[in-house]
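sequence plus the predicted model coming up.
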Amino acid sequence: MYHRPNGLRWRTATLGLVTLLAMGAATPSALATLAPTTTRPDHAAGTRLGDVRVLAHFDRAAGQVAESIAPEPGGSAVIGMISARQVVRVTRNGAVHVLATMPIPPGGGTTTPVVGTPGVTGVVRSDSGAVYFLYSAGQGGMTGIWQVRPSGEPRIVVPMPADSFPNGLVIDDKRGRFLVTDSTGGRVWQAPLRGGEASVWSADPALAPSGFFGANGMKIHDGAVWASNSDRGTIVRIPLTKAGGSGRTEVRAAGLEGIDDFDFTGRGTEILAAINQGSKLVRVGANGVQETLLDAEDGMQGTTAVAVRGNRAYVTNGANLAGNDPTLMLAELRRG
């Protein structure tokens with residue numbers, strides 16, 4: 001969950017079936033799910049959006065590039081702010097409160113892989129209410145998983161290598177661990193919830209970048225870890241083994257150029273995908289068919305993340321690639 005800085009070109013990420021086969025990145029069962037993109041067909045079946053509104057505007061000049069989302073009971077949400085190096089809470093009424101601000105690492109964070117500047121990326125909330133977040137800061141011992149504390153002074157829980165770019169964060173409650181995507185290393189890391197050392201859970205080639213960022217957003221769903229790959233424009237599914245290891249990776253959606261984060265709608269494996277490069281929110285059906293639900297005309301500006309809770313979808317716009325109005329939006333889900 002991060003944005004490509006202005007001035008850097010995206011490498012074309014849309015992959016055809018022939019390319020996927022040549023790379024060995026998709027299984028026959030996965031290829032059967034890939035389908036051409038469609039845009040807002042009147043006859044489309046699937047989840048629809050209603051009552052879309054802006055819940056909060058953020059301060060772009062202060063570096064509040066809205067990124068990841070962790071919804072909370074009662075309707076509030078915790079948001080990671082990339083350039084501001086902040087974790088904030090947005091109340092159900094739209095008020096914004098800063099929970100933590102990370103210090104600039106030694107050397108200014110210029111050793112942060114690829115982007116050369118430190119930033120807060122993924123955020124997650126445990127069932128007990130603890131808030132954790134990722135800080136990508138290069139050298140200096142600050143890269144890793146951090147916890148927000150009531151005092152406002154965050155503490156590091158899991159240090160990670162300086163050459164990694166931790167981006168998407170989830171909690172695997174069943175196995176008592178964190179899982180973290182590493183966008184520049186093309187890996188998924190695991191680490192115990194109690195804290196400690198991180199280890200590589202998967203380094204499948206389907207997670208690798210092809211010029212900028214590979215593995216980005218991540219969710220656990222349907223007995224598997226699902227991850228987006230920004231450079232390749234794909235969403236992959238990695239089955240969880242009985243022991244919690246990684247099974248054979250399959251590509252479940254392609255043609256999502258510039259994808260950032262995503263989440264499931266509650267209808268099987270139907271997905272809502274945040275397309276940063278295109279400033280869009282796209283519905284991806286279980287069969288791979290895609291439909292744009294929101295775009296620039298609806299206020300999308302560098303769409304970075306989406307999180308579904310019940311009948312509501314939270315969507316962040318970082319305004320990093322287009323516009324200057326980063327927001328948190330809220331939409332009603334109509335599953336039909």
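Received it, and whenever you're ready, just let me know what you need. Numbering: from 1, shown residues only.

quick check: neighbours of the lengthiest strand in the chain in the sheet, parallel or antiparallel?
Across the chain, the longest stretch assigned as strand under DSSP state E is strand 48-57. Strand pairing for strand 48-57, determined by DSSP bridges: strand 327-334 (antiparallel).

the strands in the stretch 151-300 of the chain, which residues?
Ranges of strands in the stretch 151-300 of the chain, per DSSP state E, counting those that start in this stretch, are 155-159, 166-172, 177-182, 187-192, 199-202, 215-221, 224-229, 234-239, 250-253, 259-264, 271-275, 280-284, 290-294.

tell me what the fourth one is packed against?
The one in question is strand 187-192. When contacts are defined as 3 or more CB pairs under 8 Å, 6 or more residues apart in numbering; DSSP states H and E, strand 187-192 sits against strand 155-159, strand 177-182, strand 199-202, strand 215-221. In short, each C-beta sits where N, CA and C put it, glycine included.

what about dumping the CA coordinates of it to PDB?
Output in PDB follows, covering the C-alpha atoms of strand 187-192 (Å, rounded to 0.1, in the frame of the first residue of the first chain):
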ATOM      1  CA  ARG A 187       7.900 -11.500  -0.600                       C
ATOM      2  CA  VAL A 188       5.400 -12.100   2.200                       C
ATOM      3  CA  TRP A 189       7.000 -12.100   5.700                       C
ATOM      4  CA  GLN A 190       5.600 -13.600   8.900                       C
ATOM      5  CA  ALA A 191       6.200 -12.700  12.500                       C
ATOM      6  CA  PRO A 192       4.700 -13.700  15.800                       C
END
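
report the buried residues of that strand.
187-191 (16 or more other CB atoms under 10 Å).

between the residues you listed, which is closest to Arg312?
In terms of CB to CB, no member of those lies closer to Arg312 than Val188, at 27.7 Å.

in this protein, which ranges drop under the pLDDT threshold?
For the chain, the stretches flagged by pLDDT under 70 are 1-44, 321-322, 336.

let's see it at 50
1-43 (pLDDT under 50).

alright, I will stop here.
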